[in-house]
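# quick check, what structure comes out for this input:
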Amino acid sequence: MINYNLAKDTWGNEELSAINRVIESNRFTMGSEVELYEKEFAEFFGCKYATMVNSGSSANLIAIAALILSKKYELNPGDEVIVPAVSWATTYTVLHQHGLKLKFVDIDLDTLNINLNEVENAITEKTKAIFAVNLLGNPNDFEKLTKICEKNNLILIEDNCESMGAKYNNKYTGTFGVLGTFSTFYSHHMATMEGGMVLTDDKELDDIMKSIRSHGWTRNLTEDSIYYEEKEEFYELFNFIFPGYNVRPIEMEAAIGREQLKKLNNFLNERKRNGAYFTELFSKLNSLNIQKNLDDSSYFGFPLIFESKNKRKQIINLFEKENIECRPIVAGNFTKNKVIEYFDYEIHGKLNNANKIHDCGLFIGNHHIDSKDEIKKIFNLIKENI
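Sure thing, here's the model as predicted:
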């Protein structure tokens, strides 16, 4: 039996010590550990500001809310946002929750990211933003995507929750848009139990996000915030300026994140070595497709797209016998999910490629340790049965 898990534990004694450090401090909700982690995270990825929240989904939530609440970005309920047809649910639901119209565009079957030729054709006078997703570690073509946004005066937002550490033209994904979101859930590149982060170079957006993650109050705004007003200190304990949420992180998650961040380069290097080996092997199989690395992928996982739904079912059955964990390629064609009935949306053209991976695709995990032996065994299993 091969025994290949979707994800593996990345913690060591350092993370356990960090938890104990928080316990000894007796400060468990958002405090100095969160503040330090935000600073270190922003520095690592070369951005000015970072806002930590309790999940990558919440990162998407406050990112979209901040754009709507901002004084400089003209994104309002009813506006149209272009999205790829393949992503996780909370790429889309946050747009619905803020009254935005979703326009679904097909993906590219090689990169599994949004088809940029289709994007250009999908833009109308109602389009105000593109919410790009770097899928399974693979960066978008940001040279072309940025030009499209500049030409059409569109806001570029990145859902980078699956692609921490990926680069395009030697620049980290999650830093091309006005906002970039990250997840540190257990199965991701680094793990803080639950956790998310939003990066931006825009001070106003950062101020808004730091307010709305905590009910919309002013307490976490500093004197350099454009929303800061000198008032009675007692009153500022409960002073609300935005319609906010409670999506605050806890100190343990941040303390763990600080330790994980120190190890991230090593995690990424091993994932990339595994990814290169996977690509070397599986590109030899003409009867299936794998994801094409556009530039510098951080290899969240390894997608496999078979010739038919029956062939995928056959491989899934083999995987179950060998205890190889696998999943759909994110949510497949998201418009096939029942939740779409609640959305204000439009489908641009045909979603043939999204349908293909919906019916015929799956992915297996990648790990932060050398997994070449297991990858070779999985390759041989598929080669013999394809």
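
# for the strand or helix carrying residue 157, name the packing helices and strands.
Assigned by DSSP states H and E, residue 157 falls within strand 155-159. For strand 155-159, the packing partners by 3 or more Cβ pairs under 8 Å, 6 or more residues apart in numbering; DSSP states H and E come out as helix 56-69, strand 127-133, helix 142-152, strand 179-183. To be clear about C-beta, it is placed using only N, CA and C from the backbone, and glycine gets the same treatment.

# so what strands line up beside the next helix-or-strand element following the first one?
From helix 56-69 onward toward the C-terminus, using DSSP H and E, the following helix or strand is strand 80-84. Taking DSSP bridges as the criterion, strand 80-84 pairs within the sheet with strand 101-105 (parallel), strand 127-133 (parallel).

# any idea how many residues pack against residue 155?
20 (other Cβ atoms under 10 Å).

# what's the closest non-adjacent residue to residue 69?
Leaving aside its chain neighbours, residue 69 sits nearest to residue 208 (5.3 Å; criterion: Cβ to Cβ, 6 or more residues apart in numbering).

# just the pLDDT for that neighbour.
pLDDT recorded at residue 208 is 97.

# cool, and residue 228?
Reported pLDDT for residue 228: 74.

# would you confirm that it contacts residue 211?
No: if you go by Cβ atoms under 8 Å, residue 228 and residue 211 don't touch, sitting 10.3 Å apart.

# which residue of these two possesses the greater neighbour count?
More neighbours surround residue 211 than the other of residue 228 and residue 211, with 25 against 14 (other Cβ under 10 Å).

# and that one, what element?
helix 203-212.

# buried residues in that helix?
204-212 (16 or more other Cβ atoms under 10 Å).

# cool, and stretch 363-373?
363-368, 371.

# if we compare the helices and strands packed on strand 155-159, which one ends up closest to residue 296?
helix 142-152 (11.8 Å; Cβ to Cβ).

# ok and that closest one relative to strand 127-133, angle-wise?
For helix 142-152 against strand 127-133, the angle by axes from the mean of the first three to the mean of the last three Cα atoms, to 10 degrees is 170 degrees.

# which residues touch helix 142-152?
116, 119-120, 123, 127, 130, 132, 154-156, 168-169, 171, 173, 176 (Cβ atoms under 8 Å, 6 or more residues apart in numbering).

# nearest residue to residue 296 other than its sequence neighbours?
Nearest one to residue 296, counting by Cβ to Cβ, 6+ apart, is residue 167 at 4.0 Å.

# residues near that neighbour, how many?
Residues near residue 167, counting by other Cβ under 10 Å: 16.

# pretty sure it contacts residue 272?
No: between residue 167 and residue 272 no contact is recorded; they are 10.5 Å apart, counting by Cβ under 8 Å.

# identify the contacts common to these two.
residue 296.

# helices or strands up against the lengthiest helix in the chain?
Criterion DSSP state H: the longest helix present in the chain is helix 251-282. Packing contacts for helix 251-282, counted by 3+ Cβ pairs under 8 Å, 6+ apart, involve helix 13-25, helix 32-45, strand 49-53, strand 301-306, helix 372-385.

# mind putting the ones you listed into CSV with mean pLDDT and distance to residue 183?
Below are these laid out as CSV (pLDDT from 0 to 100; distance: least, Cβ to Cβ, whole Å):
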stretch, mean pLDDT, distance to residue 183
helix 13-25, 98, 17
helix 32-45, 98, 13
strand 49-53, 98, 10
strand 301-306, 98, 14
helix 372-385, 96, 24
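
# most tightly packed of the ones you listed?
strand 49-53 (a mean of 27; mean count of other Cβ atoms under 10 Å).

# what lines up beside that one in the sheet?
For strand 49-53, pairing defined by DSSP bridges yields strand 196-200 (antiparallel).

# convert the C-alpha atoms of the partner strand to CSV, please.
Written as CSV, here are the backbone C-alpha positions of strand 196-200 (Å, rounded to 0.1, in the frame of the first residue of the first chain):
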residue,chain,number,x,y,z
GLY,A,196,-5.5,34.2,6.9
MET,A,197,-3.7,37.4,5.8
VAL,A,198,-4.3,40.3,3.4
LEU,A,199,-1.4,42.2,1.9
THR,A,200,-1.6,45.7,0.4
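
# any idea of the mean pLDDT in that strand?
On average, strand 196-200 scores 98.

# distance from the chain centre to that strand, please.
10 Å (Cα atoms, centre = their mean, to the nearest Å).

# show the contacting residues for residue 231.
residue 239.

# now do 10 Å
Neighbour list for residue 231: 218, 239 [criterion: Cβ atoms under 10 Å, 6 or more residues apart in numbering].

# mind checking the backbone torsions on the most far-flung residue of the chain relative to its centre?
Distance from the C-alpha centroid of the chain, by Cα atoms, centre = their mean, peaks at residue 232 (39.8 Å). With angles defined as degrees, to the nearest 10, residue 232 sits at phi -60, psi 130.
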